[in-house]
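**Q** Here is a sequence together with a model predicted from it:
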Amino acid sequence: PKVLSDEDAEAVHDLRVWSRRLQQVVVALFPKPRDPQAQAVVRTLRRARRAVGPWRDCDVLIEMVKRKLKRVRNPDEQRAWETVHTYLQARRERAISRARRRLANRRLFALAQILKGLCEPATPNMTGRAVHERPQPLMRAAIKQSFALWHDAFIRARKSLEPADVHAFRVQTKRLRYRLELARDLGADETKPALAWLRNLQDTLGRLHDRGELARMAAKALADPVFLLEQPRAASRLLAKLAAQRKAERVETAALLAQLESAPQLSLLE
C-alpha cells in the first residue's frame, strides 16, 4: 500500500527485499515439481520485484548524484551532473507510473490468502506439497543447491569480470544468504558467521554495481544532442572521469574476487 500511495524510497526497498526473502521460503519449501499455487506465488513475487526495480534504481542513483553535486567544484562537471540528475528524475517519474500500473492487480493482493492455503497441512491427494512438519531436509537440499549455483556464478565472474557475470554472482549471493537465513531461523546458529560475511560481500558487490549503473545512466543522459552541442566541454570532462572510474572499478572487482578464492569464509560455507 505504501508503494502504491506514497513515493517512499524505503517502502520500495522493503518490497524488493521481502519479496526476495518470501520467494526463497516458497522455493525452499516447495521444490520442483512445484505445486501450481506455489509456482504462481513465485511468479507474482518476481513480477512485483521487477516492476519496482527501475524505480528503486533511480532512487539509488539520484542519491548518488546529489552527493556528487555537493562535492563537485568544477562548473563544467557540475553542469554535467545536473543534466544527469534531471534525466534521472524524469526517468523515475516514468518508472513510478509503470510500477504502479503493474502492481495494481488482484493476484498480488490475494497473495496472503494463497500463502495461507499453501501453509495448511498437506493431504494425501495433494501432490507437490511440502512436508511442513519436517522442513529441515527441504532446507538442506535448497541450501546445497543454492551453494552450488553460487559457486558456479563465482567461478564465471572470477574468470570473465564481465558486468553481467558479476551481477549474476551478486544475485546468487542474495539467494544463498536468504536461504541460510531460513536455516538460522530453524535453529542453525552456526550459520551466523557465514551470513555476516555474505551480507558484507553483497553490500560490496552492490556498491560496485551501483557505480557502474550510474556511469551507464550518465552516458545516456549526456548523449542528448542539444547538451552535447551546447556543453561539449562539460560532457567531455565527465565522460573522461567516468571512463577512468570504470577501469578502476574493474581492477577493484578483480581484486575482490581474487581475495574470495582464499577467504577462510569460503571453506566455512563449504
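**A** Nice, thanks for sending it over.
**Q** How far away from the center of its chain is the host helix or strand of K247?
**A** According to DSSP states H and E, K247 maps onto helix 232-261. Using Cα atoms, centre = their mean, to the nearest Å, the mean C-alpha position of helix 232-261 is found 21 Å from that of the whole chain.
**Q** Buried ones in it, by neighbour count?
**A** 234-235, 237-239, 242, 249-250, 253, 256-257 (16 or more other Cβ atoms under 10 Å). C-betas here are computed from N, CA, C, even on glycine.
**Q** Over to stretch 149-169?
**A** 150-151, 153-154, 156-158, 163, 165-169.
**Q** Convert the C-alpha atoms of that stretch to PDB, please.
**A** The C-alpha coordinates for stretch 149-169 follow below in PDB (Å, rounded to 0.1, in the frame of the first residue of the first chain):
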ATOM      1  CA  LEU A 149      24.800 -22.200  -8.100                       C
ATOM      2  CA  TRP A 150      26.600 -19.500  -6.100                       C
ATOM      3  CA  HIS A 151      30.000 -21.200  -6.500                       C
ATOM      4  CA  ASP A 152      29.400 -21.700 -10.300                       C
ATOM      5  CA  ALA A 153      28.500 -18.000 -10.600                       C
ATOM      6  CA  PHE A 154      31.600 -17.100  -8.600                       C
ATOM      7  CA  ILE A 155      33.900 -19.100 -11.000                       C
ATOM      8  CA  ARG A 156      32.300 -17.400 -14.100                       C
ATOM      9  CA  ALA A 157      32.600 -13.900 -12.600                       C
ATOM     10  CA  ARG A 158      36.200 -14.500 -11.500                       C
ATOM     11  CA  LYS A 159      37.200 -15.700 -15.000                       C
ATOM     12  CA  SER A 160      35.400 -13.100 -17.100                       C
ATOM     13  CA  LEU A 161      35.000 -10.000 -14.900                       C
ATOM     14  CA  GLU A 162      32.100  -9.100 -17.200                       C
ATOM     15  CA  PRO A 163      29.500  -6.900 -15.500                       C
ATOM     16  CA  ALA A 164      26.700  -9.300 -16.400                       C
ATOM     17  CA  ASP A 165      28.600 -12.200 -14.700                       C
ATOM     18  CA  VAL A 166      29.500 -10.200 -11.700                       C
ATOM     19  CA  HIS A 167      25.800  -9.100 -11.300                       C
ATOM     20  CA  ALA A 168      24.700 -12.700 -11.700                       C
ATOM     21  CA  PHE A 169      27.100 -13.600  -8.900                       C
END
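**Q** So T204 is in contact with T253, correct?
**A** No: using Cβ atoms under 8 Å, T204 makes no contact with T253, being 9.5 Å away.
**Q** so where is the stretch 1-150 of the chain shaky, pLDDT-wise?
**A** The model of the stretch 1-150 of the chain has pLDDT under 70 over residues 106, 121-133.
**Q** Go again with 50.
**A** Applying pLDDT under 50 to the stretch 1-150 of the chain flags residues 124-128, 130.
**Q** all helices of it, in order?
**A** For the stretch 1-150 of the chain, helices defined by DSSP state H, counting those that start in this stretch occupy the ranges 2-5, 9-29, 36-71, 75-103, 106-109, 111-118, 136-160.
**Q** For the third one, name the packing helices and strands.
**A** Yep, that's helix 36-71 we're talking about. Here helix 36-71 touches helix 9-29, helix 75-103, helix 106-109, helix 111-118, helix 192-222, going by 3 or more Cβ pairs under 8 Å, 6 or more residues apart in numbering; DSSP states H and E.
**Q** and the shortest one, how far out from the chain's middle?
**A** Okay, so that is helix 106-109. For helix 106-109 - counting by Cα atoms, centre = their mean - the centre lies 23 Å from the chain centre.
**Q** How about the longest one?
**A** Between the mean C-alpha point of helix 192-222 and the mean C-alpha point of its chain there is a distance of 9 Å (Cα atoms, centre = their mean).
**Q** Just the angle for it relative to helix 232-261, thanks.
**A** Angle of helix 192-222 versus helix 232-261, following axes from the mean of the first three to the mean of the last three Cα atoms, to 10 degrees, is 160 degrees.
**Q** repeat for the second one
**A** An angle of 60 degrees separates the directions of helix 75-103 and helix 232-261 when computed by the same axes, to 10 degrees.
**Q** which helices and strands does helix 75-103 pack with?
**A** Packed next to helix 75-103, using 3+ Cβ pairs under 8 Å, 6+ apart, are helix 2-5, helix 36-71, helix 192-222, helix 232-261.
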